[in-house]
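> this one's structure only:
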């Protein structure tokens, strides 16, 4: 019973996390298929402990920043962001584009830190704390390339390929198209995508690998407008991206912490 109750609380929190403008009680109860009265009781407790607030005008329930604060505090005390930030700053300065760190929180891949290298003109930016779509982002493709085909496809099926309106015009629409991108990343040593996740954007990513276990525990990516982040620019940035990923892979405490999050899936040997 307690486990079921906790599951419902977590389901509510995850649902609200995907709706920053909040949701009415009825919509949450229907989405989660739970009684409206039960949803109200759980939300009342979350409100009491200041994890959720109810808008006095609309009646909608919203998450407060308390969960985000806890997550950021945890990352700060783990040292992950501190270790990675200098590497991200250097990569952003060298590329002149957005550099990001994603970590494997199995079975998810989440962006947790960034540095912006674009000072003028078009800028591509992204929200931290969001889950990367595995089938359309360079971050996701790079991680999939580190896994066996079976494991990679299992993770993609869990998340879905994504509706056309949620992706860029070049997003893979079939498993065959997706695996073509994955195999290109395996051959190249890093992932590269254009207009697959966001229209008008290109990105590249290289994995951070745990030195003892051989698992991919996260990756570094560079993203920017596709008009500026061209294939020739990609080729110029690639050595720096791979070197930065290797630097983080070699930091024992860093990769050890991420390895604890990353599950037990070994990197595919190529």
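Happy to help now that I have it. Predicted, not measured: the structure shown is a model, and the values here were computed from it.
> could you list the low-pLDDT ranges of the stretch 1-150 of the chain?
In the predicted model, the stretch 1-150 of the chain carries pLDDT under 70 at residues 1-3, 72, 74-81, 121-128.
> rerun at 80
For the stretch 1-150 of the chain, the stretches with pLDDT under 80 are 1-3, 65, 68-83, 119-129.
> quick one, helices of it?
Here the stretch 1-150 of the chain has its helices, by DSSP state H, counting those that start in this stretch, at 2-17, 25-32, 36-48, 66-78, 80-95, 138-145, 149-159.
> go through those helices and pick out the most buried.
Highest mean neighbour count among the helices of the stretch 1-150 of the chain (mean count of other C-beta atoms under 10 Å): helix 138-145, with a mean of 30. Where C-beta positions appear, they are placed from N, C-alpha and C, glycine not excepted.
> and that one, what does it pack onto?
Packed against helix 138-145 by the contact rule (3 or more C-beta pairs under 8 Å, 6 or more residues apart in numbering; DSSP states H and E) you find strand 98-105, strand 108-116, helix 149-159, helix 175-188, strand 191-194, strand 201-209, strand 216-225.
> returning to what we had before: quick one, which of the helices of the stretch 1-150 of the chain is nearest to residue 189?
Nearest of these to residue 189, taken as C-beta to C-beta: helix 138-145 at 9.1 Å.
> just checking the distance from the closest one to the centre of its chain.
11 Å (C-alpha atoms, centre = their mean, to the nearest Å).
> same check, this time on stretch 84-100
Per C-alpha atoms, centre = their mean, the centroid offset for stretch 84-100 relative to its chain is 17 Å.
> may I have the beta-bridge partners of the residue nearest to the spatial centre of the chain?
Residue closest to the average C-alpha location in the chain (C-alpha atoms, centre = their mean): residue 110, at 2.6 Å. As for beta bridges, residue 110 partners with residue 103, residue 131 under DSSP bridges.
> do residue 221 as well
Bridge pairing for residue 221 - DSSP bridges - gives residue 100, residue 205.
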